[in-house]
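Visitor: One predicted model, sequence on top.
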Amino acid sequence: MSLEEIAKKMCAKGKGILAADESTGTMDKRLTSVGVECTDKNRLNFRENLFTADAMKNYIGGVILFDTTIREKTSLGISVPELIEKNNSVVGIKVDKGAKKLAGSPEETITEGLDGLRERLSEYYRLGARFTKWRAVYSIGKKYPSIQSIKSNAQALARYAALVQEANMVPIIEPEVLMDGDHNIDACYKVTTDVLNECFNELSIQKISLKGIVLKPNMIVPGFKSSKKVTSEEVAKKTLDCLKKNVPSDVTGIAFLSGGQSEQEATHNLDSINKINDTNFLITYSYGRALQKSALKIWSKEMGNTKAIHEVFNHRAKMNSLASKGEWSQALEV
Ligand code: 13P
């Protein structure tokens, strides 16, 4: 398959991406929050519950895994990548090594992981991966994000993308403007504009084929602590406007992160965006928390009850699938 075909498969109509690439540290937080100990066995058990649900066939075009998960064997006797492929979903892998303190602007971060990346990519390809993820993180504050942060993260994203396309995989480019803080929606619009511009500038310098990437941006939303609440329609209008102005039309797929929005909020906003989408971009979800939260809760209470866990996960994925086509409504949630 060409890179463009892989990107199209990941973001096919009615499908999106399941971000199950939480590091062991992040999984520790998630499992502890529902009162479950974060052991290898428990992590795999939860993920296997997701990967065996019907939703995988119908609504999930790709799954992002963490380094340890891509090497694991499921209780069915096949490996995790084999289980995902069996559902006709594309296997992905997070390849960055996390956001570290940025020298010269220590309250901000630079995402690391370029050293040795070429070698790691060839191993991940052998293990079944056909796409990858790298996440850059930007905070909004009085002095942030700085030019240093915007430029250095964009350059790292582009160098990563070049290595990934060289290895015949699709890079997910994830520049995440965080929702932390009390900024309003217009501040998010402005910062996201600057960040996207610099990313595409660097991607062009590195000669990245834009048809062979998936962009994973944040939506244009106010900070968690903002006193100004906005409607989903306003989020949709500003998000689509920002994408149209700053993302070259050659890009195949745009798959949003949920970034701490509630499950229904993330679905509602995606639906509002797709209801007014007049572009050729395939606009869908690449959610972590917004696909897993309810499933995690029920799993923590009824670990052996696969049917109940699947029901909850299937429902959430179906709602997002409808939203990716602009066909969701609140009435379908009950
Ligand atoms: P959330 O949807 O929980 O933000 O996670 C998506 C992701 O992959 C972050 O890197």
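Guide: Good, I have the coordinates.

Visitor: number of nearby residues for the residue of the stretch 51-200 of the chain found nearest the ligand?
Guide: Here the residue of the stretch 51-200 of the chain nearest the ligand is Arg135; by C-beta to the nearest ligand atom that distance is 4.4 Å. From N, CA and C alone the C-beta is placed, and that goes for glycine too. Counted by other C-beta atoms under 10 Å, the residues lying close to Arg135 total 20.

Visitor: How about it, nearest residue that isn't a chain neighbour?
Guide: Glu174 (4.2 Å; C-beta to C-beta, 6 or more residues apart in numbering).

Visitor: Need the three-state assignment for the residue nearest in space to the middle of the chain.
Guide: With distances taken as C-alpha atoms, centre = their mean, the residue of the chain nearest its centroid is Ser286 (3.8 Å). The local conformation at Ser286, judged by DSSP: H, G, I helix; E, B strand; the rest coil, is strand.

Visitor: what residues are up against the closest residue to the ligand within the chain?
Guide: The chain approaches the ligand most closely through Gly288 (2.8 Å), counting by C-beta to the nearest ligand atom. Each residue near Gly288 by C-beta atoms under 8 Å, 6 or more residues apart in numbering is listed here: Ala19, Ala20, Asp21, Glu22, Leu257, Ser258.

Visitor: just checking, what packs against the one helix or strand Arg30 maps to?
Guide: Per DSSP states H and E, Arg30 falls inside helix 24-33. The contact analysis (3 or more C-beta pairs under 8 Å, 6 or more residues apart in numbering; DSSP states H and E) places helix 24-33 against helix 40-51, helix 289-301.

Visitor: so what secondary structure elements neighbour the helix or strand that Pro175 is a member of?
Guide: Per DSSP H and E, Pro175 falls inside strand 170-177. The helices and strands touching strand 170-177, judged by 3+ C-beta pairs under 8 Å, 6+ apart, are helix 3-10, strand 131-138, helix 147-166, helix 185-205, strand 214-215.

Visitor: now the fourth one, how far from the centre of its chain.
Guide: Yep, that's helix 185-205 we're talking about. Computed by C-alpha atoms, centre = their mean, to the nearest Å, the separation of helix 185-205 from the middle of its chain amounts to 17 Å.

Visitor: in it, what's buried?
Guide: Neighbour-count burial for helix 185-205, counted by 16 or more other C-beta atoms under 10 Å, picks out 185, 187-189, 191-196, 198-200, 202-203.

Visitor: Am I right that Asn269 sits in a helix?
Guide: Yes: under three-state DSSP, Asn269 falls within a helix.

Visitor: what sits against it?
Guide: Met219, Val221, Ser232, Val235, Ala236, Thr239, Gln261.

Visitor: Pick the one among these closest to Thr279.
Guide: Proximity of those to Thr279 (C-beta to C-beta) peaks at Thr239, which lies at 11.5 Å.

Visitor: was I right about the closest one contacting Met219?
Guide: Yes: assessed by C-beta atoms under 8 Å, Thr239 is found in contact with Met219 at 4.8 Å.

Visitor: Pull up the overlap in contacts between those two.
Guide: Asn269, Ile273.

Visitor: Sticking with Ile84, tell me its helix or strand.
Guide: Assigned by DSSP H and E, Ile84 belongs to helix 80-86.

Visitor: what's the burial count for Asp271?
Guide: Counted by other C-beta under 10 Å, the residues lying close to Asp271 total 22.

Visitor: That should have said Ala161, apologies.
Guide: 26.

Visitor: sec struct for Ile64, please.
Guide: Relying on three-state DSSP, one would call Ile64 strand.

Visitor: For it, which residues count as its bridge partners?
Guide: As for beta bridges, Ile64 partners with Ala19, Gly92 under DSSP bridges.

Visitor: Tell me which of the helices and strands packed on helix 24-33 sits most buried.
Guide: Mean neighbour count (mean count of other C-beta atoms under 10 Å) peaks for helix 289-301 among the helices and strands packed on helix 24-33, with a mean of 20.

Visitor: Can you name the residues in contact with the helix or strand following it?
Guide: Scanning forward in sequence from helix 289-301 by DSSP H and E, the next helix or strand is helix 306-324. By C-beta under 8 Å, 6+ apart, the residues outside helix 306-324 that reach it are 13-16, 18, 49-50, 52-55, 58-60, 263-264, 266-268, 270-271, 274, 283-285, 287, 290-292, 294-295, 298-299, 302, 328, 332-333.

Visitor: 6 Å instead?
Guide: 14, 16, 49-50, 53-55, 59, 267, 270-271, 284-285, 291, 294-295, 298-299, 302, 328 (C-beta atoms under 6 Å, 6 or more residues apart in numbering).

Visitor: where does the nearest residue to Phe224 once chain neighbours are set aside sit relative to Cys11, distance-wise?
Guide: Distances taken as C-beta to C-beta, 6+ apart place Met179 nearest to Phe224, at 5.2 Å, with adjacent residues excluded. Per C-beta to C-beta, to the nearest Å, Met179 is found 23 Å from Cys11.

Visitor: tell me which parts of the stretch 151-300 of the chain are close to the ligand?
Guide: Glu174, Leu257, Ser258, Gly259, Tyr287, Gly288, Arg289, Ala290 (C-beta under 6 Å from any ligand atom).
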